[in-house]
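Undergrad: Sequence and predicted structure are below.
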Amino acid sequence: MDNLRFLLDIALILLTAKVFGIIARKLHAPEVVGEIIAGLLIGPAILGFVDQSDFINKMAEIGVIMLMFEAGLSTDMKKLKATGLKATAIACAGVFVPLILGTVLFMSFYGFGPIGSDQFIKGLFIGTLMAATSVSITVAALKELGKLSSTVGTTIVSAAIIDDVIVIVVLTFVLSAKGTGSSVWGTMLKALLFFAVAIITGFIVYKVFEWLDARYEHTRRIPIAALVYCIIMAYVAEKFFGIADITGAYVAGVVLCNLHDVKYVERKVDVSSYMVFAPIFFAGIGLKVSFENVNTTLLLFSVAFVFVALLSKIIGCGSAAKLCRFNWNDSLKIGIGMMTRGEVALITAQKGLAAGLITSDYFTAVILMILVSSILAPVLLKILYKPKTPA
């Protein structure tokens with residue numbers, strides 16, 4: 001066994017991700033689309049040059065944590081406060097609509113069962129898979145377009161964080177119904193406790209960083225300390241409160257977003273993220289795709305699954321945004337921005353696999369959902385944000 005194989009894998013990922021990222025940009029598509037296609041090309045689905053490994057997965061995890069930390073650092077607190085209630089309404093609709101449509105879709109393919117039956121619970125789990133949102137790709141696309149700190153961008157990120165919490169509660173409920181999870185109320189309590197702890201400790205941490213910022217302005221120790229805080233928050237969120245690590249990373253960014261030196265911190269974090277970790281995360285999505293166990297029924301279900309998953313988010317989040325008095329164009333941007341899926345959907349799928357709610361074959365549908373949404377969302381957002389040429 002080649003103990004240094006991981007070095008070659010990383011080199012191949014970074015090289016192909018950069019090349020395809022440049023090609024995507026030349027074709028007026030977001031770079032992240034090219035990076036995902038690069039992973040698909042060199043991964044098991046096509047050429048098989050690079051396989052999934054625990055090391056690559058961990059590097060990808062750091063990548064998404066850093067992306068969400070940057071999103072938090074870019075947050076405009078005034079806009080976040082202004083969009084709080086709207087983001088909550090959008091998140092609720094973005095969970096409810098996919099949950100219902102996903103349940104109906106599964107039972108349409110594999111048979112209907114009464115409420116509480118094993119078939120119904122499996123359908124509910126498929127709906128939960130659809131409800132999961134991951135905006136790390138949307139964050140990268142909005143950042144590339146210069147719209148991350150806009151009202152729409154802030155609303156999308158805020159709604160996605162709330163969506164995460166709701167999905168965790170729903171997942172716990174489904175696992176509890178299967179007899180394998182903890183209590184729903186226990187999960188909700190943990191989520192509330194996490195945000196309470198984050199607010200209290202965040203106030204103290206912010207004061208410490210404010211002091212450091214005044215004493216050591218524009219020195220590397222500030223971004224290093226900020227990154228340490230981000231990683232600790234990511235660990236604490238998932239380890240002790242059962243909240244996704246990316247939520248902890250985003251909250252860490254929000255805590256520090258009002259620092260005087262925040263742009264300097266963001267710039268330094270972005271260097272490592274852009275050069276190494278983010279390309280590995282985006283290419284890693286393509287690496288997870290495999291077509292080995294696909295049959296006709298699963299293929300048809302996968303296509304329907306992807307279509308309903310994308311449409312349900314656009315309908316749910318877009319309609320809620322419109323009810324919250326966004327215009328039609330911004331409502332569509334929010335719906336499309338919320339339709340991306342990623343690590344949260346994969347984590348949810350793995351939980352369902354362990355509980356016996358799905359078999360490993362269904363990962364094909366989940367990967368396709370992640371891949372299609374990850375490619376479509378940035379492309380569509382770029383089209384929607386394209387300046388209108390005068391007639």
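TA: Done, it's in.
Undergrad: Point out where the stretch 151-300 of the chain drops to low pLDDT.
TA: For the stretch 151-300 of the chain, the stretches with pLDDT under 70 are 176-184, 187, 290, 293-294.
Undergrad: list the buried ones in the helix or strand encompassing Lys86?
TA: According to DSSP states H and E, Lys86 maps onto helix 77-110. Buried residues in helix 77-110, counted by 16 or more other Cβ atoms under 10 Å: 79-80, 83, 86-103, 105-107. (C-beta placed from N, C-alpha, C; glycine too.)
Undergrad: Equivalent analysis for stretch 61-76, please.
TA: Buried residues in stretch 61-76, counted by 16+ other Cβ under 10 Å: 61-76.
Undergrad: swap in stretch 246-266?
TA: Across stretch 246-266, burial judged by 16+ other Cβ under 10 Å covers 246-257, 259, 261-262, 264-266.
Undergrad: Just the ones in strands from those residues, please.
TA: Among the buried residues of stretch 246-266, DSSP state E puts none in strands.
Undergrad: Determine the three-state secondary structure at Arg341.
TA: What DSSP: H, G, I helix; E, B strand; the rest coil gives for Arg341 is coil.
Undergrad: so who does it touch?
TA: Going by Cβ atoms under 8 Å, 6 or more residues apart in numbering, Arg341 touches Ala132, Thr133, Ser134, Ala309, Val366, Met369, Ile370, Ser373, Ser374.
Undergrad: Now the third one. Its backbone dihedrals?
TA: In this case it means Ser134. When read as degrees, to the nearest 10, the backbone of Ser134 gives phi -130, psi 110.
Undergrad: residues in contact with the closest residue to it other than its chain neighbours?
TA: Leaving out its chain neighbours, the residue that sits closest to Ser134 by Cβ to Cβ, 6 or more residues apart in numbering is Gly342, at 3.1 Å. Applying Cβ under 8 Å, 6+ apart, we find Gly342 in contact with Val64, Ser134, Ser136, Ile137, Ile285, Ile370, Ser374.
Undergrad: The fifth one is in what secondary structure piece?
TA: Translated: Ile285. Going by DSSP H and E, Ile285 is in helix 278-287.
Undergrad: ok, back up a step: out of the buried residues of stretch 61-76, which sit inside strands?
TA: Among the buried residues of stretch 61-76, none falls in strands (DSSP E).
Undergrad: Could you count how many residues lie near Gln52?
TA: Residues within reach of Gln52, counting by other Cβ atoms under 10 Å, total 15.
Undergrad: for Gly242, same thing?
TA: By the criterion of other Cβ under 10 Å, Gly242 has 17 neighbours.
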